[in-house]
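> Starting from these lines, generate the structure:
(4 chains)
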Protein chains: 2
Amino acid sequence: MNDNPKRYHHGDLRRALIDTALGMLEETDDWRFTLRELARRAGVSHTAAYKHFPDKAGLLAELALLGFERLRTVLLAARPRPPVRPREEFLAMSRAYVRFGADNSNLYRLMFSADARQSAHAQLKDRGAAALDVLVDLISAGQAAGWLRARDIRQQAGAGWSQLHGLTLLTIDGLLGPDTVGTDAVDASLEILLEGLQADSGGTAGGSASSVRERQP
Amino acid sequence: MNDNPKRYHHGDLRRALIDTALGMLEETDDWRFTLRELARRAGVSHTAAYKHFPDKAGLLAELALLGFERLRTVLLAARPRPPVRPREEFLAMSRAYVRFGADNSNLYRLMFSADARQSAHAQLKDRGAAALDVLVDLISAGQAAGWLRARDIRQQAGAGWSQLHGLTLLTIDGLLGPDTVGTDAVDASLEILLEGLQADSGGTAGGSASSVRERQP
DNA sequence: GCCCACAAGTTTCCCTTGTCAACATTCTTT
DNA sequence: AAAGAATGTTGACAAGGGAAACTTGTGGGC
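Next up is the predicted model:
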């Protein structure tokens, strides 16, 4: 259908633009790529994109939506298939979250940026909530199993999300280096988060044998 | 000295630019203000800023540095003067952190942005660490008093910082609405964080009488 | 089959912005 | 007081986002 290199109509420019943009996203800081360069790479004139998106913010919003979708997918995929211990599931999902952010740093930042929101606030909130639901479900199950403290689920989800969000962004920014914040800051933080969420937070220091990370200087 | 409205030399243009920029920062999404507009407001030609900053990123970096300084000041000021219970100090400081971010959202985001870092990476990291030190001190004291679990302080600080950072950004983005994440998401998250940090995390649900927030549907 | 409206691209044009270079005006220093 | 360094100003430029007007396929009704 589109094997012929020179056709007036591209065929599926919208998709092509989004794909190309996703590719360019990680090449430059902060989605600073230009619409013109994008068009250049897609092999179309620099205003062609306007037939598919109202403006640059519109394109960015589209990417952001896609980002939330992917995040949700990644989180769902991170749950071990034969359900194991909830603790492991929680950790697996959390690590997947942070890794997603680290691997798609600009996309992740874009997802929460004003630029994207400007053009699709409501939808972004919805998709964000959809991604968050994966976490909520996990917490919900954890509570039902008596593993997590019986507290308002949304509050626990909020705390978890905040922790993951912060962890992800600090990781992206390279601010969680061993000098600043100790080794394995991510796992350590997750451990601390868990201890705040769990029902049976054991005695004093470094209780459970299955601690994510046990390191005392 | 600068009462005369029309002087060739401004007197302290550098300061004036920074002040004006700080003012403009919150007027528009994501430090999108323009150098030219800034110059305009400062009553100066559109290239005058280049005598004081290498480029726009340089100016932004300066603002970011200032932001970290202010954050540190705010955090220090938030500690109750006659030291009260460490728990209260911790909460006071945390709330001050989030409030700082919410009240200076664009500045806060700028502080962690690639645009700012581009021009002063090392310094930014240092000032960030300086601000973080306030938190570290508090944790350190809390540990010494046996109030906090004896764990690697940097790890605890990392967890705390991540939580605060995430909380702040989600708050800024308006994603912590009651519908998504329950009421008083900030306080609830802080409570959960504390329970993860504390040494004596009481039995099951909602133990301590001094709980920040006790709400079960 | 023919025609026309519409969708999808293209060319041109305009305005704003960041930044550079050359020139002007003060301030400082000796 | 005169040189020289600061600090400002004017003018020019390229690049980017976006609007308008024009062109070329496409697809449905007759």
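> where along chain A do the helices fall?
A:13-25, A:35-42, A:56-78, A:86-103, A:105-111, A:114-144, A:153-172, A:178-181, A:185-197 (DSSP state H).
> Identify all contacting residues around stretch A:64-83.
For stretch A:64-83, the surrounding residues in contact (CB atoms under 8 Å, 6 or more residues apart in numbering or on different chains) are A:18, A:22, A:88-89, A:92-93, A:95-97, A:100, A:104, A:107-108, A:110-111, A:113, A:116-117, A:120, A:123-124, A:127-128, A:130-131, A:133-135, A:138. Where C-beta positions appear, they are placed from N, C-alpha and C, glycine not excepted.
> oh sorry, the question was meant for stretch A:131-147
Contacts of stretch A:131-147 (CB under 8 Å, 6+ apart): A:68, A:71-72, A:75-76, A:79, A:86-87, A:89-90, A:93, A:148-151, A:153-154, A:156-157, A:160-161, A:164, A:197-200, B:180.
> which of the contacts of stretch A:64-83 count as buried?
Among the contacts of stretch A:64-83, those classed as buried by 16 or more other CB atoms under 10 Å in any protein chain shown are A:18, A:22, A:89, A:92-93, A:95-97, A:100, A:104, A:107-108, A:110-111, A:113, A:116-117, A:120, A:124, A:127-128, A:131, A:134-135, A:138.
> returning to that earlier point: drop anything exposed from the contacts of stretch A:131-147.
The buried subset of the contacts of stretch A:131-147 - by 16+ other CB under 10 Å - is A:68, A:71-72, A:75, A:79, A:86-87, A:89-90, A:93, A:148-149, A:151, A:153-154, A:156-157, A:160-161, A:164, A:197-199, B:180.
> Around the closest residue to A:S94 other than its chain neighbours, count how many other residues there are.
Computed as CB to CB, 6 or more residues apart in numbering or on different chains, the closest residue to A:S94 that is not its neighbour in sequence is A:L190, at 5.1 Å. A count of neighbours around A:L190, defined by other CB atoms under 10 Å in any protein chain shown, yields 26.
> What's the separation between A:L190 and A:L167?
8 Å (CB to CB, to the nearest Å).
> next one: A:F33
Distance of A:F33 to A:L167, given as CB to CB: 27 Å.
> So for those two, which sits in the more crowded spot?
A:L167 (30 against 20).
> Now for the more buried one: which residues touch it?
Contacts of A:L167 (CB under 8 Å, 6+ apart): A:V98, A:L176, A:A185, A:V186, A:S189, A:L190, B:S162, B:G166.
> confidence score at it?
We note a pLDDT of 98 for A:L167 in this prediction.
> Give me the distance from stretch A:136-153 to the chain's centre.
Put simply, stretch A:136-153 sits 22 Å off its chain's centre (CA atoms, centre = their mean, to the nearest Å).
> same question but for stretch A:187-196, I mixed them up
Distance, centroid of stretch A:187-196 to centroid of chain: 19 Å (CA atoms, centre = their mean).
> How about stretch A:148-162?
18 Å.
> check whether stretch A:33-42 contacts DNA strand D.
Yes: using CB under 7 Å from any atom of the strand, stretch A:33-42 reaches DNA strand D at A:T34, A:L35, A:R36, A:E37.
> now check the helix or strand bottoming out on mean pLDDT in chain A, is it near chain B?
Within chain A, confidence by mean pLDDT, DSSP states H and E is lowest for helix A:178-181 among all helices and strands, at a mean of 86. Yes: for helix A:178-181, a contact with chain B is found by CB under 8 Å from any CB of the partner chain, at A:T180, A:V181.
> likewise stretch A:53-61?
No: using CB under 8 Å from any CB, stretch A:53-61 stays clear of chain B, coming no nearer than 10.0 Å.
> Is that stretch positioned near DNA strand C?
No: contact of stretch A:53-61 with DNA strand C (CB under 7 Å from any atom of the strand) is absent, the minimum separation being 10.7 Å.
> State the number of residues packed around A:L170.
Number of residues near A:L170 (other CB under 10 Å) recorded here: 26.
> just A:V181 next, same as before
Neighbours around A:V181, by other CB under 10 Å: 28.
> is it true that it touches B:G158?
Yes: here A:V181 lies in contact with B:G158, judged by CB atoms under 8 Å, at a distance of 3.5 Å.
> Okay, A:E27 and DNA strand C: tell me how far apart.
Separation of A:E27 from DNA strand C (CB to the nearest atom of the strand, to the nearest Å): 19 Å.
> neighbours of A:P54, just the number please.
Using other CB under 10 Å: A:P54 sits among 11 other residues.
> contacting residues around A:T20?
Contacts of A:T20 by CB under 8 Å, 6+ apart are A:L38, A:R41, A:A42.
> and which of these is nearest DNA strand D?
A:L38 (7.7 Å; CB to the nearest atom of the strand).
> Can you check what pLDDT the model gives the closest one?
97.
> Next up, the contacts around it.
Neighbours of A:L38 in contact, by CB under 8 Å, 6+ apart: A:L17, A:T20, A:A21, A:M24, A:A49.
> what would these look like in TSV with pLDDT?
Shown next, in TSV, are the contacts of A:L38 (pLDDT from 0 to 100):
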residue	pLDDT
A:L17	97
A:T20	97
A:A21	98
A:M24	97
A:A49	97
